[in-house]
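Novice: Just to be clear, the model below is a prediction. Sequence and coordinates:
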Amino acid sequence: MKKHLPPLKALVAFDAVATHLSFQAAAEALHLTNSAISQSIKQLESHFEQSLFDRDNRQVALTPAGKLLAEYVSRALATIREGCQAIGQEYQNRITLNMITTMAIRWFIPRLEQLQQSLPDIDLRLSTQLLQSEVLNEDVDIAIHYGKAPEHEGWVITKLCDDYLSPVASPKLLAQYKAPEEALNKATWIYVNAPSRLRDWPLWCSTKKRDEAPETRRLIFQNSAQAMQATVNGLGIAMAHELFVTDALQSGTLQRLSKSVLAVHDAAYYIIYREHTDKKAQLESIAIWLKQRAYQPTLPNT
């Protein structure tokens, strides 16, 4: 008998014949030809230098050596199958969710523990890649996209929530003024120098029929996360997307300066994932969980 291990494919063929006690049934089970199964068994018998099956008038029976080998091979293949299933299940449960950084920091992460409790089998990975053109790529399973609803064949696209704007400031800043209107007329306005945020103040001012603050009363940041932190620290008034400040408003860390919120009619938040994927059940569960926590305005909107 040779010392090295025989080919795995030959052992798989042997296991099929030992299970069915039929070369033809084994060939059908493995989608191989009878001759391929026979060749594999001959290869094993040559390796072990003894017969593994008694063949008599189309009847197949295991020899003593065959019975011993079948016991070990059956256990070994069962262990391999179990390992492959475990790896496959781990892959299916590993989900990468992508969203913009500010949304992750100010809305999603405070709710992450709730998701873990609700969907304990899902191994969620959070991503904040900028995927403006692709939305989904090979590293992202599901995304929350802001803007117009994407049109893409093979994607499941569900609206998470609409978008609303309102000016907000810290209680520390507002305490310096007699009324919100005075704060708007005298305090610094905080801007975000990002394509999706440049129109925030102009849109609100247009609706309210008022001028923007002069450039001498403007503080400009490169992203929303910086702007929100500056607002919390009392450096000025920000035009906030309500989804990003819902927790701060509830806790009193920030306060609105308007009695209504402005609905953004040409942009919203959308949940997007691929329709044809072996992770679809997990993605649907996450989408449902997100929808159940979607933002709804608590003030009238214009």
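Specialist: Sure thing, it's come through. From a predicted model like this one, the values you see are computed outputs, not experimental measurements.
Novice: ok, the residue nearest to residue 128 when sequence neighbours are not counted to residue 192 distance?
Specialist: Closest residue to residue 128 apart from its sequence neighbours, by C-beta to C-beta, 6 or more residues apart in numbering: residue 101 at 4.4 Å. Backbone N, C-alpha and C define where each C-beta goes, glycine included. Per C-beta to C-beta, to the nearest Å, residue 101 is found 12 Å from residue 192.
Novice: Which one of those two is surrounded by more residues?
Specialist: residue 192 (23 against 13; other C-beta atoms under 10 Å).
Novice: Surely the more buried one and residue 223 touch.
Specialist: Yes. Using C-beta atoms under 8 Å, residue 192 is in contact with residue 223, at 6.5 Å.
Novice: how about the most centrally placed residue in the chain, phi and psi?
Specialist: Nearest to the mean C-alpha position of the chain, counting by C-alpha atoms, centre = their mean, stands residue 97 at 2.7 Å. For residue 97, the backbone dihedrals (degrees, to the nearest 10) come out as phi -110, psi 130.
Novice: ok, the residue lying closest to it once chain neighbours are set aside - how many residues close by?
Specialist: For residue 97, ignoring the flanking residues on the chain, the nearest one in space by C-beta to C-beta, 6+ apart is residue 142 at 5.2 Å. Look at residue 142: counted by other C-beta under 10 Å, it has 25 neighbours.
Novice: show me where the stretch 1-150 of the chain has strands.
Specialist: With DSSP state E, counting those that start in this stretch, the ranges of strands along the stretch 1-150 of the chain come out as 53-56, 59-62, 94-98, 123-127, 142-147.
Novice: Would you reformat those as a markdown table and include distance to residue 198 and mean pLDDT?
Specialist: Formatted as a markdown table, the strands of the stretch 1-150 of the chain follow (distance: least, C-beta to C-beta, whole Å; pLDDT from 0 to 100):
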| stretch | distance to residue 198 | mean pLDDT |
| --- | --- | --- |
| strand 53-56 | 77 | 84 |
| strand 59-62 | 77 | 88 |
| strand 94-98 | 23 | 92 |
| strand 123-127 | 25 | 92 |
| strand 142-147 | 14 | 91 |
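Novice: Mind checking these for the one nearest to residue 26?
Specialist: Of all the strands of the stretch 1-150 of the chain, strand 59-62 sits nearest to residue 26, with 9.3 Å by C-beta to C-beta.
Novice: Which strands or helices does the closest one pack on?
Specialist: If you count contacts as 3 or more C-beta pairs under 8 Å, 6 or more residues apart in numbering; DSSP states H and E, strand 59-62 packs onto strand 53-56.
Novice: May I ask which helix or strand of the protein has the lowest mean pLDDT?
Specialist: Across the helices and strands of the chain, mean confidence by mean pLDDT, DSSP states H and E is lowest for helix 64-93: a mean of 81.
Novice: tell me the angle of that one relative to strand 123-127?
Specialist: Put simply, helix 64-93 runs at 40 degrees to strand 123-127, going by axes from the mean of the first three to the mean of the last three C-alpha atoms, to 10 degrees.
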